[in-house]
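**Q** A structural model of the following input is requested.
(one chain, ligands or ions: 2)
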Amino acid sequence: MTGPDLVKIAETLGVAADTATAIPQLAAANGLDVDAAYAVQTALVRRRLDRGERMVGLKMGLTSRAKMAQVGVDEVIWGRLTDAMRVPDSGTVDVGDFIHPRVEPEVAFLLDRLPEPGEPIGDFTDAVRAVAPAVELIDSRYANFTFSLPDVVADNTSAAAFVIGPWCPVPDGLDNLGVLLEIDGRVAQVGSTAAILGDPRRALDEGVRLAGRHGVRLREGWVFLAGAATAAVPLRPGSHVRAVVEKLGTASLKAS
Ligand code: 0L1
Ligand code: MG
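**A** Ligands and ions are numbered 1, 2, ... in the order given. Predicted structure coming up:
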């Protein structure tokens, strides 16, 4: 008996992203479980690397109750970031390049040397060189932004674009910093870094552990998006988005 054609499924997802066209969910129809979905994600990102993109980091998804409730999935997941997804701070994205983009405020880490797979991270400041406020732009490739757990994993956890604000030294505490998402100068979401697994530093432990299960090792110099502190908000053309994280500053983007 042959299993599902993972490369073909990845191609379907990749074309949906490239053409900004929503597709129906595909995990159930193809019998994908979560492990198979991560294999699809690998093939989907391989497709990007084959056209010249570079892996620049990892993102955690669904690290807060608000995010889990928003999409009806209750497991922490991870996805891959490539250089083509990075938008400069204060840069502009074209909403037409996406299907139904949403933005969310995040905390980013700039990774230093991490221990061998299976070893505990130990001192956070040895593993992380700097931290920054960030905006993640997510864009599910599935119609109506609706999916199962294997669907969203296969779709590289809706990763689409990200902005990193100025890097700053790791502050003493990261576990209860106020977070705002502003759209056009108005507060759209209010949260705390405590919403990110109780403390965003925990997201790194989870990322190392969960990605390690699939043979992915985090590298020095990579960016790590620890997760959103609030629910995500739809991005409309003409909007100016700012993520403000107490002690860390702001990251922003414009939408045309
Ligand atoms: O970064 C995230 O938390 C997104 C994970 C996937 C679920 C979604 O698209 O909202
Ligand atoms: Mg996110």
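**Q** all helices for the protein, in order.
**A** 6-18, 27-30, 34-50, 65-71, 124-127, 149-154, 200-213 (DSSP state H).
**Q** and those helices, which is most packed in?
**A** helix 149-154 (a mean of 25; mean count of other C-beta atoms under 10 Å). C-beta: built from backbone N, CA, C; applies to glycine.
**Q** could you confirm whether that one reaches ligand 1?
**A** Yes: using C-beta under 6 Å from any ligand atom, helix 149-154 reaches ligand 1 at V152.
**Q** same list, the helices of the chain, but as JSON lines with distance to A226 please.
**A** Below are the helices of the chain laid out as JSON lines (distance: least, C-beta to C-beta, whole Å):
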{"stretch": "helix 6-18", "distance to A226": "23"}
{"stretch": "helix 27-30", "distance to A226": "26"}
{"stretch": "helix 34-50", "distance to A226": "19"}
{"stretch": "helix 65-71", "distance to A226": "12"}
{"stretch": "helix 124-127", "distance to A226": "12"}
{"stretch": "helix 149-154", "distance to A226": "18"}
{"stretch": "helix 200-213", "distance to A226": "4"}
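**Q** which stretch in those helices has the least confidence?
**A** When the helices of the chain are compared by mean pLDDT, helix 65-71 comes last with a mean of 82.
**Q** quick one: it near ligand 1?
**A** Yes: contact between helix 65-71 and ligand 1, assessed by C-beta under 6 Å from any ligand atom, occurs at 67, 71.
**Q** got the residues of the stretch 151-256 of the chain near ligand 1?
**A** 152, 157-158, 228, 232.
**Q** among those residues, who's most crowded?
**A** In terms of neighbour count, A228 stands highest of those at 33 neighbours, by other C-beta atoms under 10 Å.
**Q** please name the bridge partners of that one.
**A** E106 (DSSP bridges).
**Q** got a list of what it touches?
**A** By C-beta atoms under 8 Å, 6 or more residues apart in numbering, the contact set of A228 is 63-64, 66-67, 104-106, 136, 195-196.
**Q** of those, just the buried ones, ChimeraX syntax please.
**A** The ChimeraX command for the buried members of these (criterion: 16 or more other C-beta atoms under 10 Å) is given here:
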select :63,64,66,67,104,105,106,136,195,196
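**Q** before we move on, back to that, okay if I get the helices of the chain as CSV plus distance to ligand 2?
**A** Putting the helices of the chain into CSV (distance: least, C-beta to the ion, whole Å) gives the following:
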stretch, distance to ligand 2
helix 6-18, 16
helix 27-30, 20
helix 34-50, 15
helix 65-71, 7
helix 124-127, 20
helix 149-154, 11
helix 200-213, 10
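**Q** how far off centre is stretch 163-178?
**A** 17 Å (C-alpha atoms, centre = their mean, to the nearest Å).
**Q** likewise stretch 12-32?
**A** The answer for stretch 12-32 is 18 Å, by C-alpha atoms, centre = their mean.
**Q** tell me where this protein is predicted with low confidence.
**A** Counting by pLDDT under 70, the ranges of the chain that qualify are 1.
**Q** from it, which residue is nearest to ligand 2?
**A** Nearest residue of the chain to ligand 2: E136, at 4.0 Å (C-beta to the ion).
**Q** what ranges does the stretch 51-200 of the chain have for its strands?
**A** 55-61, 77-82, 86-87, 91-93, 102-111, 128-138, 159-164, 178-183, 186-192 (DSSP state E, counting those that start in this stretch).
**Q** the third one - contacts with which helices or strands?
**A** Right, the one you point to is strand 86-87. Judged by 3 or more C-beta pairs under 8 Å, 6 or more residues apart in numbering; DSSP states H and E, strand 86-87 is in contact with strand 159-164.
**Q** can you point out the buried residues in the strand it packs on?
**A** Buried residues in strand 159-164 (16+ other C-beta under 10 Å): 159-164.
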